[in-house]
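Asker: Sequence and predicted model, in that order:
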Amino acid sequence: MSTDNARRLAAAERSSLTELVPPVRDAEVIHKEEIRLQVQRILASPPFKNSRRNSQFLSFVVEKALSGQTSDIKERLIGVEVFGRPLDYDLSADPIVRVAAAELRKRIAQYYAEQDHSTELRVELPLGTYAPLFNRANLPSKEKRGLAVARLEGDASAVGDTIAQVADSDRSVHAGAASGWTGRRRTVIIASCATALFAIAALFAAQYFKGHSAQRSLDAFWAPLTDEARSITICVGDVNYIFQAPPYSSLQTRLSTADFLNSNAGAALLRVGEVLGSKGKLSTLRLADHTELSDLRQQPVILIGGMNNQWTQKILTPLRFQIESRPGGINGNYLLLIDKQNAALTTWRVDLYAPINSITRDYSLVTRIKDSLTGQPVVILCGIGPYGTAAASEFVSNPDFFSEFSKQAPKGWESRDIQIILETTVVDGRVSVPRVIAKQVY
């Protein structure tokens with residue numbers, strides 16, 4: 001068969017497989033409708049059914065992939081089509097897609113962690129890409145390799161072209177053998193194919209170990225609390241954020257009413273609960289104003305909230321990084337993170353009396369210590385303002401985010417007390433990816 005005929009055959013095969021994903025030799029094909037049905041199951045599950053944003057994100061990228069537009073699945077397009085951002089929005093200042101993708105990966109993992117779903121068709125969003133990967137849980141290794149090739153190429157037509165090229169080369173080798181071309185060309189082609197397969201395997205290995213290394217680091221952070229204890233106490237500061245306030249209301253105005261939880265504290269509770277649930281741990285929830293020292297001596301403790309949580313203030317007292325209120329700002333006071341080794345540093349602050357919708361930057365303090373006051377391992381997640389608390393909880397529940405600390409932390413940090421200062425940008429009331437700006441390993 002001529003080279004032209006081989007290419008036409010490959011094109012015809014691609015055309016006939018428009019309802020199959022992906023068209024890769026040695027890979028078991030998966031029908032598009034089977035993928036769509038699996039996505040419907042996922043969207044109807046507890047991790048997704050109350051999360052409109054994650055459901056829209058997953059549906060969008062899957063449909064793009066099934067329509068052969070994998071190469072179009074980019075951060076900007078998702079930001080515009082899924083999250084309503086303008087076409088020219090600043091990706092660096094508004095990382096909503098990256099934040100949402102991390103959350104989406106976590107929810108997909110929760111779905112497949114259930115025993116009832118472990119053998120279902122897998123829909124994944126691998127690290128480093130927004131293009132979904134479709135795979136069967138029980139595929140033999142050879143077929144999984146074929147599916148991997150499809151995902152790495154990123155576009156079904158590119159995979160088809162690659163197959164046609166390999167077919168052409170293979171036929172050329174046989175024709176050459178008949179005319180005396182036997183050794184050298186075959187060796188070159190085999191070596192080229194082996195090199196390509198090795199590169200693919202290396203890339204997947206790197207992604208695999210990167211993801212598992214990040215998860216191990218995050219597990220090491222939580223280990224002092226979760227390795228031995230069956231139950232954990234969660235003590236949260238109480239502030240009224242439930243009732244809607246006018247746009248001009250300040251942080252100080254909202255801090256004036258107690259015994260209610262703000263939405264960011266609620267988000268922190270949800271993320272912490274997911275972490276503990278994934279490790280099979282129970283939890284006891286307490287409001288800080290109604291918690292005694294004896295309550296915190298019973299089991300490991302997670303403290304959520306800063307100035308609104310008296311126990312956060314007490315436990316931070318001997319440590320390097322703390323939260324204070326100081327005179328200044330529009331009408332009276334700043335909340336700021338202080339560094340006892342650098343008393344002149346006052347840039348990590350939020351004005352208590354600034355309009356709440358004017359806050360564009362917040363700071364967080366993550367602390368994990370073996371506390372002498374309670375005699376228990378304690379994790380503290382707090383922000384100067386409300387957004388910082390949410391950012392802190394996301395940092396310690398997302399392995400991709402936490403790896404920024406673990407990569408730069410000194411050897412042996414896993415068994416030592418640590419404090420981490422985070423900075424996060426606030427866009428339309430949502431926090432960006434938290435960034436490590438200071439740390440202390442004791």
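Answerer: Yep, it's here.
Asker: quick one, what contacts residue 414?
Answerer: 220, 221, 223 (C-beta atoms under 8 Å, 6 or more residues apart in numbering). Backbone N, C-alpha and C define where each C-beta goes, glycine included.
Asker: Can you verify my assumption that residue 376 contacts residue 300?
Answerer: Yes: using C-beta atoms under 8 Å, residue 376 is in contact with residue 300, at 5.2 Å.
Asker: ok, and for the helix or strand harbouring residue 336, which residues are buried?
Answerer: Applying DSSP states H and E as the criterion places residue 336 in strand 332-339. Judged by neighbour count (16 or more other C-beta atoms under 10 Å), strand 332-339 contains these buried residues: 333, 334, 335, 336, 337, 338, 339.
Asker: tell me which of the residues you listed is nearest to residue 385?
Answerer: residue 335 (6.9 Å; C-beta to C-beta).
Asker: mind checking pLDDT for the closest one?
Answerer: Looking at residue 335, its pLDDT stands at 85.
Asker: quick one: the strands in the stretch 301-442 of the chain?
Answerer: 301-304, 321-328, 332-339, 349-351, 361-370, 377-383, 418-427, 430-431, 435-441 (DSSP state E, counting those that start in this stretch).
Asker: got a list of contacts for the shortest one?
Answerer: Residues outside strand 430-431 that contact it (C-beta under 8 Å, 6+ apart) are 96, 99, 362, 387, 390, 391, 394, 424, 425.
Asker: can you tell me which two in these are farthest apart?
Answerer: Top of the distance list for the contacts of strand 430-431 (C-beta to C-beta): 96 and 362, 16.0 Å.
Asker: Give me the more crowded residue out of those two.
Answerer: Ranked by neighbour count (other C-beta atoms under 10 Å), residue 96 and residue 362 place residue 362 first, with 28 against 23.
Asker: If that one is in a bridge, with which residues?
Answerer: residue 424 (DSSP bridges).
Asker: pretty sure it contacts residue 350?
Answerer: Yes: the pair residue 362 and residue 350 qualifies as a contact (C-beta under 8 Å) at a distance of 6.2 Å.
Asker: List the residue ranges of the stretch 301-442 of the chain that fall below the pLDDT cut-off.
Answerer: Under the criterion pLDDT under 70, the flagged ranges of the stretch 301-442 of the chain are 328-332.
Asker: Would you map the helices across the stretch 201-350 of the chain?
Answerer: With DSSP state H, counting those that start in this stretch as the criterion, the stretch 201-350 of the chain has helices at 251-254, 263-278, 293-296, 310-316.
Asker: Any figure for the gap between residue 415 and residue 346?
Answerer: Counting by C-beta to C-beta, to the nearest Å, the gap from residue 415 to residue 346 is 33 Å.
Asker: Those two: which is more packed in?
Answerer: Counting neighbours by other C-beta under 10 Å for residue 415 and for residue 346 shows that residue 346 has the greater number, 15 against 9.
Asker: Give me the distance between the more buried one and residue 334.
Answerer: 8 Å.
Asker: Overlap of the contact sets of these two?
Answerer: Joint contacts of residue 346 and residue 334 (C-beta under 8 Å, 6+ apart) are residue 326.
Asker: burial measure for the residue lying closest to residue 333 once chain neighbours are set aside, as a count.
Answerer: Nearest residue to residue 333, sequence neighbours excluded (C-beta to C-beta, 6 or more residues apart in numbering): residue 352, at 4.7 Å. Applying other C-beta under 10 Å, we find 23 residues neighbouring residue 352.
Asker: same thing with residue 270?
Answerer: 12.
Asker: That one and residue 215: what is the separation?
Answerer: For residue 270, the distance to residue 215 - C-beta to C-beta - is 19 Å.
Asker: Identify the residues contacting residue 297.
Answerer: For residue 297, counting by C-beta under 8 Å, 6+ apart, the contacting residues are 374, 375, 376.
Asker: In ChimeraX, select just the buried ones from those.
Answerer: Selection of buried members from the contacts of residue 297 for ChimeraX, criterion 16+ other C-beta under 10 Å:
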select :374,376
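Asker: which among the contacts of residue 297 gets closest to residue 32?
Answerer: For these, the nearest to residue 32 is residue 376 (52.6 Å; C-beta to C-beta).
Asker: Before I go, just wanted to say thanks for your time.
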